[in-house]
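Participant: sequence isn't available, so here's the structure alone:
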């Protein structure tokens, strides 16, 4: 047995740091798809469409100038702060279901965050360029460091990967807060407890995917550190 494997070349660091978050991520994806499918069969209150829900949340936050557009795909919904546009997928825009209301209201919640200068979303927007560069350079630098037995390069690569961890760490509260804002607006608009609860269940399931993304990033970061430290002791 060496520092990297046990038995027939099984990488223990992979089993410990990567596999559990991967399993959790698969479960989270199943949960969000299951919740969306379930509440896509539940009619929305007042016959409200996804676009209607987004507009309601926007208006409640004084954001009447934010446009709402329909795009292709399923669960491709997002808010584009540069264009000041909420883009709702075909499964959300016209759908008059509890799931569509929850998803669309959540995206409008992001628009409200930008309007309110919500601090975590400002941090996330600021580090996106560095995160993209770091994510692209991290693993090549680590591999080159091992290839040329230059340990400082390995740690530089790991530090770059740390930017991806930071991005996921900041993203989680951003997503949770967007859902909170959405649910508050739905409740303040007089929707029934049943409707708000249905939207909350969809958004809670979606939040699990961001928890999984953070867990995966941390797991890979710890694995890289483990491998680097063991390589240093060789």
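Facilitator: Yes, it's here. From a predicted model like this one, the values you see are computed outputs, not experimental measurements.
Participant: in the one helix or strand residue 28 maps to, what counts as buried?
Facilitator: Per DSSP states H and E: residue 28 is located in helix 19-39. By neighbour count on 16 or more other C-beta atoms under 10 Å, the buried set for helix 19-39 is 21, 22, 24, 25, 28, 31, 32, 35, 36, 39. Placement of C-beta: from N, CA and C, glycine included.
Participant: got the angle between the longest helix along the chain and helix 19-39?
Facilitator: If you go by DSSP state H, the chain has its longest helix at helix 193-233. If you take axes from the mean of the first three to the mean of the last three C-alpha atoms, to 10 degrees, helix 193-233 sits at 160 degrees to helix 19-39.
Participant: chain center to helix 193-233, what's the gap?
Facilitator: The chain centre lies 9 Å from the centre of helix 193-233; the measure is C-alpha atoms, centre = their mean, to the nearest Å.
Participant: again with stretch 106-123
Facilitator: Per C-alpha atoms, centre = their mean, the centroid offset for stretch 106-123 relative to its chain is 14 Å.
Participant: span of that stretch from start to end?
Facilitator: This stretch, stretch 106-123, spans 19 Å end to end (C-alpha to C-alpha, to the nearest Å).
Participant: check stretch 143-152 too.
Facilitator: End residues of stretch 143-152 are separated by 12 Å (C-alpha to C-alpha).
Participant: likewise stretch 108-123?
Facilitator: 19 Å.
Participant: name the residues of it that come out as buried.
Facilitator: The neighbour-count check on stretch 108-123 (16+ other C-beta under 10 Å) flags 108, 109, 110, 111, 112, 113, 114, 115, 118, 120, 121, 123 as buried.
Participant: right, and the third one touches residue 118 too?
Facilitator: Which is residue 110. No - applying C-beta atoms under 8 Å as the test, residue 110 and residue 118 come out as separate, 9.1 Å apart.
Participant: quick check: neighbours shared by the two?
Facilitator: residue 174 (C-beta atoms under 8 Å, 6 or more residues apart in numbering).
Participant: show me where pLDDT drops low in this structure?
Facilitator: 1-10, 231-234 (pLDDT under 70).
Participant: quick one, what contacts the residue nearest the centre of it?
Facilitator: Nearest to the mean C-alpha position of the chain, by C-alpha atoms, centre = their mean, lies residue 210 at 3.9 Å. Listed by C-beta under 8 Å, 6+ apart, the contact partners of residue 210 are 168, 171, 172, 175, 176.
Participant: narrow those to those in helices?
Facilitator: Those of the contacts of residue 210 lying in helices (DSSP H): 168, 171, 172, 175, 176.
Participant: want to try JSON lines for those residues, with neighbour count and distance to residue 90 as columns?
Facilitator: Putting the ones in helices among the contacts of residue 210 into JSON lines (neighbours: other C-beta atoms under 10 Å; distance: C-beta to C-beta, whole Å) gives the following:
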{"residue": "168", "neighbour count": "21", "distance to residue 90": "28"}
{"residue": "171", "neighbour count": "18", "distance to residue 90": "25"}
{"residue": "172", "neighbour count": "15", "distance to residue 90": "28"}
{"residue": "175", "neighbour count": "22", "distance to residue 90": "22"}
{"residue": "176", "neighbour count": "17", "distance to residue 90": "26"}
